[in-house]
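S.K.: Turn this into a structure:
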Amino acid sequence: MNIRRGGRRRAERVLASKSKRWLKKALVGSSILRLASRLTPPSAAILAYHSVEETPQLTDPIFGASTSRVQFENHMKTLARKFRPVSLDEVLQFAQAGRQLPPGAVAVTFDDGFADNYELALPILNRYGIPASFYIMVNAVENGTLPWYCRLRFAFHATNKMEWKDPVNGRTFRLDVPEERRVALQLAWDTGAKLTGSVQDRFIGGVEEALGTEPANAPHGFMMTWEQVRGLRKAGHTVGAHTLSHPNVAQVSVSEARSEIVESKRRLEEKLGEAIEHFSYPHPALNPCWSNQTLELTREAGYKSAVLTTSGQVRAGDEPLALKRINTPSDLVQFTLNLQRTFAGR
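M.R.: Model prediction:
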């Protein structure tokens with residue numbers, strides 16, 4: 001009886017999932033959301049990406065959820081055919097001065113500076129004539145090392161240890177229990193998000209040592225080289241700053257936040273030989289990831305725009321140093337629906 005009941009519930013879940021997907025496809029194919037967007041004030045959307053991988057399943061323990069190369073190409077093909085790709089500078093001028101944008105204006109952004117941005121995403125962007133902005137985590141590119149939150153994800157995935165003791169609160173977690181392992185990783189992320197520079201490095205190294213793991217490595221590195229970053233500019237794309245060591249700048253001291261915001265800009269300008277005008281707020285863990293204080297720090301540093309992980313559309317008159325972005329689900333139907341709902345004001 002219980003077996004039959006369990007099978008029936010699974011069948012009901014499958015049916016509900018198929019029905020939900022059918023409804024999404026029907027909504028995307030209809031004109032309802034497009035008509036609704038005409039009744040709302042003009043707006044733009046900024047897409048947020050991180051990594052584009054040939055086979056994301058192989059690197060999920062490192063990057064988390066990446067977009068596959070095939071899925072990313074489908075996204076860009078959809079942008080080129082159904083929406084209007086624009087540069088971040090055009091979105092900034094729209095937010096700042098109300099410059100007119102075409103209906104369905106979408107800007108593409110990437111955080112962190114992973115090598116796959118150059119190797120896999122760049123050729124696709126160029127093929128469809130889509131401008132993009134790439135926000136560089138300076139220390140990771142400078143040293144060729146993975147961002148600290150990726151190192152933690154990999155360490156907690158790869159360890160054979162049965163326990164881990166949090167050095168901050170002294171709590172011991174059983175790593176053979178999936179939920180405890182998940183909570184332990186989250187707490188380690190929370191701690192790392194409040195640290196910068198060498199202090200952050202020591203904490204991450206201590207966790208790796210306690211878990212008996214070595215940092216993940218790749219034959220040609222996970223991060224872009226400076227030559228590849230310069231190649232983005234040569235191809236006509238925008239390069240912006242994403243701090244030095246990827247802390248949550250709203251969760252560190254003012255002096256640490258200023259150093260991360262100002263120094264990442266200065267070092268990028270030194271490497272590229274041009275002004276860096278755009279910034280992306282890291283959001284590795286904890287909330288919020290920005291504040292009125294950090295907004296003023298970006299303004300003092302001379303940035304013209306800054307993007308958030310907060311979801312939403314961009315409207316004329318929005319604060320240019322706190323521009324919202326939207327997530328990019330891999331599924332093409334959901335991706336298209338998210339954009340259509342954004343322009344409809346949902």
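S.K.: State the distance from Pro61 to Met137.
M.R.: Shown here: Pro61 relative to Met137, a distance of 20 Å by CB to CB, to the nearest Å. Any C-beta I mention is one placed from the backbone N, CA and C, and that applies to glycine too.
S.K.: When these two are compared, which one has more neighbours?
M.R.: Met137 (25 against 15; other CB atoms under 10 Å).
S.K.: the domain parsing of this protein - what is it?
M.R.: 26-145+221-343, 148-211 (automatic domain parsing).
S.K.: Could you say which of the ones you listed is packed most deeply?
M.R.: Most buried of these, by mean neighbour count (mean count of other CB atoms under 10 Å): domain 26-145+221-343, with a mean of 19.
S.K.: How far off centre is that one?
M.R.: In this view, domain 26-145+221-343 has its centroid 7 Å away from the chain centroid, taken as CA atoms, centre = their mean, to the nearest Å.
S.K.: thinking again about what came up before, tabulate the domains of the chain (TSV), appending mean pLDDT.
M.R.: What follows is the domains of the chain, written out as TSV (pLDDT from 0 to 100):
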stretch	mean pLDDT
domain 26-145+221-343	94
domain 148-211	97
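S.K.: residue ranges of the helices in the stretch 201-346 of the chain, please?
M.R.: For the stretch 201-346 of the chain, the helices defined by DSSP state H, counting those that start in this stretch cover 226-234, 254-272, 292-301, 332-343.
S.K.: Check the stretch 51-200 of the chain too.
M.R.: For the stretch 51-200 of the chain, helices defined by DSSP H, counting those that start in this stretch occupy the ranges 56-63, 69-82, 88-97, 115-116, 122-128, 138-143, 148-158, 178-193, 197-211.
S.K.: Leu323: what's it in contact with?
M.R.: When contacts are counted by CB atoms under 8 Å, 6 or more residues apart in numbering, Leu323 touches 46, 91-92, 95, 305-308, 314.
S.K.: do that again at 7 Å, thanks
M.R.: The contact partners of Leu323, by CB atoms under 7 Å, 6 or more residues apart in numbering, come to 46, 95, 305-308, 314.
S.K.: for Lys265, same thing?
M.R.: Lys265 touches 241, 276, 301, counting by CB under 7 Å, 6+ apart.
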